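> coords please:
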Amino acid sequence: MALPFIAGLAVGAGVVYALKNSSSVKDKAKEIFGKSKDFACTKVEQGKEVVADVKDTVEATKECIKEKKEARKLQEKVVEQIEKKDEEECKAE
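The predicted structure is shown next:
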């Protein structure tokens, strides 16, 4: 039963304190908001760097896969040519 009364008293005391020391509360709030803004900006920049790194890694992986596919196709062509030569030599004999 006394809990709402005590909570009201605490809120009222907080309001009175804030009104009496409004300039210090305002300065502290500005300081906290400034720090949080700086923190958010640095985290956004770090996020952009991470995204750029991931994009570079994905591009490098795509290029590597493409090179491997091309090398495999070239190898298959060479094997086919060798088999064709072997067949021609066998037919010639």
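> now the helices for the protein?
Taking DSSP state H as the criterion, the chain contains helices spanning 3-20, 22-92.
> would you turn the ones you listed into TSV with mean neighbour count and mean pLDDT?
C-betas here are computed from N, CA, C, even on glycine. Formatted as TSV, these follow (neighbours: other Cβ atoms under 10 Å; pLDDT from 0 to 100):
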stretch	mean neighbour count	mean pLDDT
helix 3-20	10	88
helix 22-92	10	89
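> mind checking how far residue 3 is from residue 14?
For residue 3, the distance to residue 14 (Cβ to Cβ, to the nearest Å) stands at 17 Å.
> likewise for residue 63?
Where residue 14 is concerned, residue 63 sits at a distance of 61 Å (Cβ to Cβ).
> over to residue 91?
Distance of residue 91 to residue 14, computed by Cβ to Cβ: 100 Å.
> same deal with residue 85?
Taking Cβ to Cβ as the criterion, residue 85 is separated from residue 14 by 93 Å.
> could you do residue 40 as well?
Going from residue 40 to residue 14 by Cβ to Cβ gives 27 Å.
> again, but for residue 50
Distance from residue 50 to residue 14, by Cβ to Cβ: 41 Å.
> residue 21 now?
Distance of residue 21 to residue 14, given as Cβ to Cβ: 11 Å.
> do the same with residue 76
Noted for residue 76: a distance of 78 Å to residue 14, by Cβ to Cβ.
> return the alpha-carbon coordinates of stretch 73-90 using CSV.
As requested, the backbone C-alpha atoms of stretch 73-90 are provided in CSV (Å, rounded to 0.1, in the frame of the first residue of the first chain):
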residue,chain,number,x,y,z
LYS,A,73,38.1,-26.3,-68.7
LEU,A,74,41.6,-25.8,-70.2
GLN,A,75,42.8,-29.0,-68.6
GLU,A,76,39.8,-30.9,-70.0
LYS,A,77,40.5,-29.5,-73.5
VAL,A,78,44.1,-30.6,-73.3
VAL,A,79,43.1,-34.1,-72.2
GLU,A,80,40.6,-34.3,-75.1
GLN,A,81,43.3,-33.2,-77.6
ILE,A,82,45.7,-35.8,-76.2
GLU,A,83,43.0,-38.5,-76.4
LYS,A,84,42.2,-37.4,-79.9
LYS,A,85,45.9,-37.6,-80.9
ASP,A,86,46.1,-41.1,-79.3
GLU,A,87,43.1,-42.3,-81.3
GLU,A,88,44.5,-40.9,-84.5
GLU,A,89,47.8,-42.6,-83.9
CYS,A,90,46.1,-45.9,-83.1
